[in-house]
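Enquirer: Structure for the following, please:
(chains A and B)
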Amino acid sequence: MQKLTISLLAFLAGFSIMAFELLGGRMLAPYFGSSVYVWGSIITVFMLALSLGYLFGGRLSVYSPNLKKFACIFIAASVSLLPSLFFSQPIFEWVFLKVEDPRYGSLLAALCVFLVPSIILGMISPYSVRLLTVSARASGQTAGFLYFVSTLGSALGTIMTSFYLVLWLTVSEILCLIIGLLLFCAVTALLCAFKYKQNEEAEYA
Amino acid sequence: MLKKLLIMLMSFVSFASAAETVHKERSIYRNIVINESDNIRCMQFETRRKLATNQACIDLKKPQRLVFEYAHGTLAALAHQPKPSRVLILGLGGGVLSNLIHQLSPDSEIVSVDIDPAVVKLAKDYFNYRENKQVTSVIQDGRVFVKRALLKKETFDWIILDAFNGDYIPEHMMTYEFLSEVKQLLNKNGIVSANTFSTSDLYDYESNTYAAVFNKLWTYRAPTRGNRVLFACNCAPFKFSVKTAPAPLLEHLQKYDVDLKQVFTHIDDKVDWQTDTQILTDEYSPANLLK
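Expert: Numbering: from 1, shown residues only, chains lettered A, B, ... in the order given. Down below sits the predicted model:
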């Protein structure tokens, strides 16, 4: 049960990252256009963020990993998305005024708005691996399975956002959806932690 | 059935042999090809589809002739602004319109904006696009140019929206916010002419968005092709008629095979779109999905 839940959460985190990345292109276009370097900036920032997220998530998983902390990562991720919902326009405007070159303009704008949430979202995968790993022997298999699940989520996030969500909803509504999804993940992780504790107590009793 | 297939095959073969690719240019966005057939030279963005749309064409035998029907329509804006002091063209193509406007009105300052440096290079090499003190081009995303021009408090009398990426108009250049920025760039009584398609699922969305920004629209519907040109003005009321075109202009235009009186017979202010359709905004602009 716990394995299924954590896999589902990793899947939804993967979904959120790519949905957010695609929205990034939409959000930057009015200020920096849709030139090839705007997408270059976005992908660079997301890749940089994910690499840092993996590093930090892995480091965090060393210190008594548990589902409550796991839930906290999701809460932090959803909170870190709030500025992109409320302040992205003034931030982009500020960068637009300060930096003339659209390459560095879009890179700086993407760093300001997309870096922090993507770092936090990147922490989820390695933390999930730690929660699911039961033995050193199976660790490769666990990690492989989690990459599979979260990348599959990313694929779905990409296709859903670019094919359908932008047709059904506005950019802000999709951002709200992602924030809601991450909060749902946090609640699910907390419920799972609660249930796990109950089961443990029942076993000891 | 077999006969039909044979005819289709033959027509394809004849087309393939008739259109000769004289140049292929690689750009950061796409491959651009220059084709020639029957003395017509065209610029196309290479796609895998058989029917790539022409971005620009010239008649090699009669270089003065304006080949595209929609371009004839676009020039109707001259009836409203016969002597525009500043003209902005978003989407250079072959630079055909820039050349022509410069010849018609040599004192006008013409700024063309294109995202792709390769397009500008090919326009110069194959379409005789000429720059000088009055005629310049800028390599930039059209939306970004408009925003920067607003900061610099630039204004124009005529803005031609003609930006296409092999598919359709870029999504961020058909939104309410973008058109509002364009409107702010217009001098009082300045005019916008926008080249769009008359046969797209976007028709209602696009028309409604223009109407939301400019209120009154006039439409030129190309009689044989699926193009339409929308005209909007930073003025009220917006009266649009060939009667305001000076006689020397009409005469001058005939040199380019353009009959402005004839063009105006295809222009009206009919609202033939669903007025309750959602407008396109920066928040909601799934333009390429709706197309």
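Enquirer: can you give me the strands in the stretch 51-200 of chain B?
Expert: Assigned by DSSP state E, counting those that start in this stretch, the stretch 51-200 of chain B shows strands spanning B:54-59, B:86-90, B:109-114, B:135-139, B:156-161, B:186-197.
Enquirer: Check those for me: which has the lowest mean pLDDT.
Expert: Of all the strands of the stretch 51-200 of chain B, mean pLDDT reaches its minimum on strand B:54-59 (a mean of 88).
Enquirer: Kindly provide the distance from A:Ala186 to chain B.
Expert: 27 Å (CB to the nearest CB, to the nearest Å). Every C-beta, even on glycine, is put in place using the N, C-alpha and C of the backbone.
Enquirer: which parts of the helix or strand that residue falls within are buried?
Expert: For A:Ala186, the element it lies in under DSSP states H and E is helix A:171-204. Neighbour-count burial for helix A:171-204, counted by 16 or more other CB atoms under 10 Å in any protein chain shown, picks out A:171-172, A:174-175, A:177-179, A:181-183, A:185-186, A:188-190, A:192-193.
Enquirer: do stretch B:191-201 as well
Expert: B:Ile191, B:Val192, B:Ser193, B:Ala194, B:Asn195, B:Thr196, B:Phe197, B:Ser198, B:Ser200.
Enquirer: Look up the closest residue to the fourth one, ignoring the ones flanking it.
Expert: For B:Ala194, the nearest residue in space outside its immediate sequence neighbours is B:Leu161; the separation is 4.0 Å by CB to CB, 6 or more residues apart in numbering or on different chains.
Enquirer: Contacts for stretch A:159-173, please.
Expert: Applying CB atoms under 8 Å, 6 or more residues apart in numbering or on different chains, the external contacts of stretch A:159-173 come out as A:15, A:18-19, A:22-23, A:26-27, A:85, A:174, A:177, B:281-286, B:289-290.
Enquirer: Next, the distance between the ends of that stretch.
Expert: Taking CA to CA, to the nearest Å, the first and last residues of stretch A:159-173 lie 17 Å apart.
Enquirer: List the contacts of the residue of chain A at minimum distance from chain B.
Expert: Of all residues in chain A, the one sitting closest to chain B is A:Gly33 (2.6 Å; CB to the nearest CB). A:Gly33 makes contacts with A:Pro102, B:Ile115, B:Gln140, B:Asp141, B:Gly142, B:Arg143, B:Val144, B:His172, as judged by CB under 8 Å, 6+ apart.
Enquirer: How about B:Ile32: which residues does it bridge to?
Expert: B:Glu25, B:Phe45 (DSSP bridges).
Enquirer: for B:Ile160, same thing?
Expert: B:Ile89, B:Ser193.
Enquirer: Okay, it and chain A: tell me how far apart.
Expert: Remark: distance between B:Ile160 and chain A (CB to the nearest CB) = 18 Å.
Enquirer: what do you get for B:Cys42?
Expert: With the distance defined as CB to the nearest CB, B:Cys42 ends up 25 Å from chain A.
Enquirer: Of all the residues in stretch B:225-242, which ones are buried?
Expert: B:Asn227, B:Arg228, B:Val229, B:Leu230, B:Phe231, B:Ala232, B:Cys233, B:Asn234, B:Cys235, B:Phe238, B:Phe240, B:Val242.
Enquirer: Phi and psi next, for the second one.
Expert: To tie it back to what came earlier, the one meant is B:Arg228. In terms of degrees, to the nearest 10, the main-chain angles of B:Arg228 are phi -140, psi 150.
Enquirer: Fine by me, we can end here.
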